[in-house]
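Engineer: need coordinates for the below:
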Amino acid sequence: MSSQELVELNVEGMTCTNCAATVRRKLEKDGMADIHVDFASGEVTFKNPTELTVEQITERIDDLGYKVVSNNTNEKKNS
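Structural biologist: The predicted structure is shown next:
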């Protein structure tokens, strides 16, 4: 199997559960897994089993009208 990244983003502009659901649906559509979105804290975490880069994912979230202000990516390799 290929490596999977655990991505943690801090996203500004999410003010309700609908905002969180919008971000979650976009990430699901883009192939992300184990998605957790907390609009109150702005924390978004997911695994990235795709070929998309964190920068591409960030742009897609920004295109929804939210702002990714920081990210922490840890690459985890599956055996």
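
Engineer: pLDDT value on K29, please?
Structural biologist: K29 is assigned a pLDDT of 97 by the prediction.

Engineer: typo on my end, it should be Q4
Structural biologist: 73.

Engineer: neighbours of it, how many?
Structural biologist: With neighbours defined by other CB atoms under 10 Å, the count for Q4 comes to 18. For every residue, glycine as well, the C-beta is placed using N, CA and C.

Engineer: again with the one 3 residues further on
Structural biologist: A count of nearby residues for V7, using other CB under 10 Å, gives 21.

Engineer: which stretch of helix or strand covers it?
Structural biologist: Assessed by DSSP states H and E, V7 sits inside strand 4-12.

Engineer: what's the helix or strand just after that strand in contact with?
Structural biologist: Per DSSP H and E, the first helix or strand lying C-terminal to strand 4-12 is helix 17-29. By CB atoms under 8 Å, 6 or more residues apart in numbering, the surrounding residues in contact with helix 17-29 are 11, 13-14, 35, 37-39, 44, 46, 57, 60-61, 64, 66.

Engineer: thinking again about what came up before, mind listing what's buried along the strand holding V7?
Structural biologist: By 16 or more other CB atoms under 10 Å, the buried positions in strand 4-12 come out as Q4, E5, V7, L9, V11.

Engineer: likewise for stretch 25-35?
Structural biologist: Residues K26, L27, M32, I35 are the ones in stretch 25-35 that count as buried (16+ other CB under 10 Å).

Engineer: likewise for stretch 35-51?
Structural biologist: So, applying 16+ other CB under 10 Å, buried residues of stretch 35-51: I35, V37, F39, G42, V44, F46, N48, P49.

Engineer: out of those, which sit inside strands?
Structural biologist: Per DSSP state E, strands hold the following members of the buried residues of stretch 35-51: I35, V37, V44, F46, N48.
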